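**Q** below: sequence and its predicted model.
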There are 2 protein chains.
Amino acid sequence: MHKRALALSEVYGLLETGPVVLLSTAHKGRANVMTLSWHTMLEFEPPRVGCVVSANDFSFAALRLTRECVLNIPTVELGPKVVGCGNCSGRSVDKFATFDLTPSPAARVGAPLIDECYANLECRVIDTRLMKRYDFFVLEVLQAWIDPARQDPRTLHHRGRGAFMVAGETIRLPSKMR
Amino acid sequence: MHKRALALSEVYGLLETGPVVLLSTAHKGRANVMTLSWHTMLEFEPPRVGCVVSANDFSFAALRLTRECVLNIPTVELGPKVVGCGNCSGRSVDKFATFDLTPSPAARVGAPLIDECYANLECRVIDTRLMKRYDFFVLEVLQAWIDPARQDPRTLHHRGRGAFMVAGETIRLPSKMR
């Protein structure tokens, strides 16, 4: 997928809506990906993101040790792959091969971009003070990519137990908010 | 609006999709409300939620000092009120009066529920270790309320600068995830 660099100041608009994301890592020559919905913006610029990666997840060690990841944002066409990645573990499955996802080199981190996702955020871990208590990592986005052709992306938003809200129409209201 | 208590184990399904929420507080006899999108689930049960309330916001002091708030989830009909609450400060405006929002007593906290919102989460602050650095509060949900008549609520999801994605259809994919 052809992408352009996205200004870091615009990253918040991608994550504020609460999309399911695919977090990719690479550790000891092995790329992995997990599905997550527990993330929040923490700062506009440089964009900082907090996210929960459970100590039970295979990605936890890779994230803790390499301190790098990519947040990849999928749209509804990728739904079965998103659920598939959430329903198995990288301990026993090569998820890129199993779900036919294409790893693509990142510019600033060792973890791969997932080519099929319309946006990719290259991140490094900058704070782990809430890691032990809440499995909460603070990330800083170093580089962002977006498919310039994608308007109003139909992102997935988890309601629980396999139910996903799909992003609907975009409305505009007069606002002074960023 | 008539609401029933919602099992605390089901709260995550309301917040995982990333809706804009209205955070209400009460401090020194004064109720206030602010609009926010920067929140994430941290734990299923008891439900824990992390959220950013800027030190610049009038609500910051009320939240820090009372350690209580309510997260109220609005739907699209409330859009102009949601934006209105985000575009002014409780320092100078009585937002409940100005935007014709109805405060309703909570069961477990001093902050009011906003009656017009289809769901309300009564919360107490349980951790402020990331408050100074990221304005990040960790909340525990003590009591949850929902309008039982509301299916697939058309929540608002901020894209930035007054653009809001409105929750679309819900799809189901076979999943083992909670």
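**A** Arrived safely.
**Q** tell me the contacts of the residue most central in space within chain A?
**A** Closest residue to the average C-alpha location of chain A: residue A:71 at 2.4 Å, with C-alpha atoms, centre = their mean. Residue A:71 is in contact with A:15, A:21, A:22, A:23, A:39, A:49, A:51, A:120, A:121, A:123, A:139, A:141, counting by C-beta atoms under 8 Å, 6 or more residues apart in numbering or on different chains. All C-beta atoms are positioned from the backbone trio N, CA, C, and that covers glycine.
**Q** tell me, which of these make contact with chain B?
**A** For chain B, the contacts drawn from those by C-beta under 8 Å from any C-beta of the partner chain are A:39, A:51.
**Q** which of the contacts of residue A:71 sits closest to chain B?
**A** Nearest to chain B, judged by C-beta to the nearest C-beta, of those is residue A:39 at 5.6 Å.
**Q** the closest one contacts residue A:51, doesn't it?
**A** Yes: between residue A:39 and residue A:51 a contact is recorded at 4.0 Å, counting by C-beta atoms under 8 Å.
**Q** list the residues that contact both of the two?
**A** Common neighbours of residue A:39 and residue A:51 (C-beta under 8 Å, 6+ apart) are A:71, B:40.
**Q** spatially, what comes nearest to the residue in chain A that chain B sits nearest to if we skip its sequence neighbours?
**A** Taking C-beta to the nearest C-beta, chain B has its nearest neighbour within chain A at residue A:18, 1.2 Å off. Of all residues not flanking residue A:18 in the chain, residue B:18 sits nearest, at 1.2 Å (C-beta to C-beta, 6 or more residues apart in numbering or on different chains).
**Q** contacts only, for the one you found.
**A** A:16, A:17, A:18, A:19, A:157, B:37, B:157.
**Q** what are the phi and psi values for the fourth one?
**A** Looking back up the chat, that one is residue A:19. Dihedral pair for residue A:19: phi -70, psi 150, per degrees, to the nearest 10.
**Q** wasn't residue A:59 part of a helix?
**A** Yes: assigned with DSSP: H, G, I helix; E, B strand; the rest coil, residue A:59 falls within a helix.
**Q** I figured it hits residue A:32, correct?
**A** Yes: taking contacts as C-beta under 8 Å, residue A:59 lies within contact range of residue A:32: 5.7 Å.
**Q** neighbours of residue A:61, how many?
**A** Neighbourhood size, residue A:61 [other C-beta atoms under 10 Å in any protein chain shown]: 15.
**Q** just confirm residue A:19 contacts residue A:164, I think it does.
**A** No: Residue A:19 is beyond contact range of residue A:164, at 10.1 Å (criterion: C-beta under 8 Å).
**Q** any idea which element the residue nearest to residue A:4 when sequence neighbours are not counted lies in?
**A** Leaving aside its sequence neighbours, residue A:4 sits nearest to residue A:148 (C-beta to C-beta, 6+ apart; 5.0 Å). For residue A:148, there is no host helix or strand (DSSP states H and E).
**Q** so what's residue A:148 up against?
**A** Taking C-beta under 8 Å, 6+ apart as the criterion, residue A:148 is in contact with A:2, A:3, A:4.
**Q** make it 10 Å
**A** A:2, A:3, A:4, A:6, A:118 (C-beta atoms under 10 Å, 6 or more residues apart in numbering or on different chains).
**Q** do the same with residue A:24
**A** With C-beta under 10 Å, 6+ apart, residue A:24 has these contacts: A:31-34, A:59, A:62, A:68-72, A:85, A:95-96, A:101, A:103, A:106, A:109, A:111-114, A:117, A:120, A:122.
**Q** if you rank the contacts of residue A:148 by neighbours, which is first?
**A** residue A:118 (22 neighbours).
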